[in-house]
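In: what follows is a predicted protein model with its sequence.
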Amino acid sequence: MKLVLDFDYTSEQVLFRRTVREFARREITPIVRDFERKREFPWDLYRRMGQNGLLGIRFPREYGGQEADAITTGILAEEMGRAGWQIPLSDIMGEILALHGPTHLKSEWLPLLVKGERMLGIANTEPSTGSDAAAITTRAARQGDDYVINGEKQCITGVRECSAYCLLAKTASELGSKGISMFFVETNRDGLEKYDFDSLGWRLFSFGGLVLRDLKIPASNLMGEENHGFYYVMETFDLMRSLIAAWCVGIAEAALDETIEYSKQRKAFGHPIAKFESVQSRIVEGYTKLQAAKLLCNRTLWLKDKGEKITKESAMVKWYVPALAFEIINDCLQNRGAIGYTTECMDEYRLREVRGAMIGDGTTDINRIVVARELLGREFLPYR
């Protein structure tokens, strides 16, 4: 009898998870807090990740990638979250480059991204707009064989670490979202200034803004077609949101694993606190909800691998899973008592990490609107 549903990973995916987890246990977890406290990016570790095949896994093989499927990429995101590492942002932006970038940029940059020698980011958010991505005011004007860009990007990840950005700018303002183009902008160009914010979390990478004053780039740095940039970033959001959710699953899993062991060992009134009903309830409820969230993430990535549209599903996991992970980690912190409220405990770090996931790449509120739009129809959008 043929099974309709199969919840097993392939043998290759099981081996990949084991390999990633062992690498993370040995190389990432022991040092990640020290670098986070120093707000310093561990480039040596990042290059070792590249050497071990953990970067750019979805890139084409001709550029050093593995052409990994979405499920496998989700496994990587989950294990990076479990280890305390950041979301694989550069990999997603590299996929945009692989899909829409000119050949000369793909040939130069993708192999370097795979090796961990460079990092690529996205620059869309601005001081006056975030969720309303179509309302950006940065302009790109064609002048002969160049584009000249003016504007400001804010709340940008990796302002010190990224060597280039996939940057959105308006090339036909009168067309709204249909007049936005995407450009490949190297950060060493004249006319680009950077600044930092003191962020609550995501401190392994710098967080800040870019000011562009008459920044000139060659027309060959246009990604894909002019006025199609908004669509390129929107199609990327579907996968990115799914991977952020998988990343949050990994973070919450690590917190639950630790609190289970802690609850067995920690005693109060002569008994392990794992015997107390309130502690058990927090653990059981968190574990149950997290397993459901993990299934929803896997189904979303599975649909992606089937070539189906996942706009609704990715928005579902993006609004639900980070908020759930925050709830679970907060309960784990509660189980530890006073020590949980110190930086000696990983849970404070985890809380700060998943809190950022409730904002970046589409806030909780925006993703609920996306789900409602897909269920009810565009005529029920609140902003129209």
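Out: Alright, I've got the coordinates. Everything quoted here is computed from the prediction, not taken from an experiment. Residues are numbered from 1 along each chain as shown.
In: thought M119 was touching G94?
Out: No. The pair M119 / G94 is not scored as a contact, 9.4 Å apart, by C-beta atoms under 8 Å. (Glycine included, C-beta is placed from N, CA and C.)
In: which one's more surrounded, those two?
Out: G94 (28 against 24; other C-beta atoms under 10 Å).
In: now the more buried one, nearest residue through space, not along the chain?
Out: Excluding its sequence neighbours, the residue lying closest to G94 (C-beta to C-beta, 6 or more residues apart in numbering) is L113, at 4.7 Å.
In: secondary structure element holding the one you found?
Out: helix 103-115 (DSSP states H and E).
In: do T19 as well
Out: T19 belongs to helix 11-23, assigned by DSSP H and E.
In: what of K194?
Out: K194 belongs to strand 192-196 when assigned by DSSP H and E.
In: name the residues of that strand that come out as buried.
Out: L192 (16 or more other C-beta atoms under 10 Å).
In: in the very next helix or strand once past that strand, what's buried?
Out: Sequence order places strand 207-218 as the next helix or strand after strand 192-196, per DSSP H and E. In terms of neighbour count (16+ other C-beta under 10 Å), strand 207-218 has its buried residues at F207, G208, G209, L210, L212, L215, I217.
In: my guess is the fourth one meets V159, correct?
Out: What that stands for is L210. Yes. Contact criterion C-beta under 8 Å: L210 and V159 qualify, at 6.6 Å.
In: any common contacting residues for these two?
Out: Among the neighbours of L210, those also in contact with V159 (C-beta atoms under 8 Å, 6 or more residues apart in numbering) are K194.
In: for Y320, which non-adjacent residue is closest in space?
Out: Using C-beta to C-beta, 6+ apart and skipping the chain neighbours, the partner closest in space to Y320 is A293 (6.6 Å).
In: ok, that neighbour to L120 distance?
Out: From A293 across to L120, the span is 29 Å (C-beta to C-beta, to the nearest Å).
In: neighbour count for the two, which is higher?
Out: It is L120, of A293 and L120, that has more neighbours when counted by other C-beta under 10 Å, with 26 against 23.
In: related to what we said a few turns ago, in the helix or strand that comes right after the helix holding T19, what counts as buried?
Out: As assigned by DSSP H and E, the chain's next helix or strand after helix 11-23 is helix 29-38. Using 16+ other C-beta under 10 Å as the test for burial, helix 29-38 gives T29, V32, E36.
In: how big is the angle separating helix 29-38 from helix 11-23?
Out: Per axes from the mean of the first three to the mean of the last three C-alpha atoms, to 10 degrees, the angle that helix 29-38 makes with helix 11-23 is 60 degrees.
In: need the residues touching each of M119 and G94.
Out: Applying C-beta under 8 Å, 6+ apart, one finds that M119 and G94 are jointly contacted by L113.
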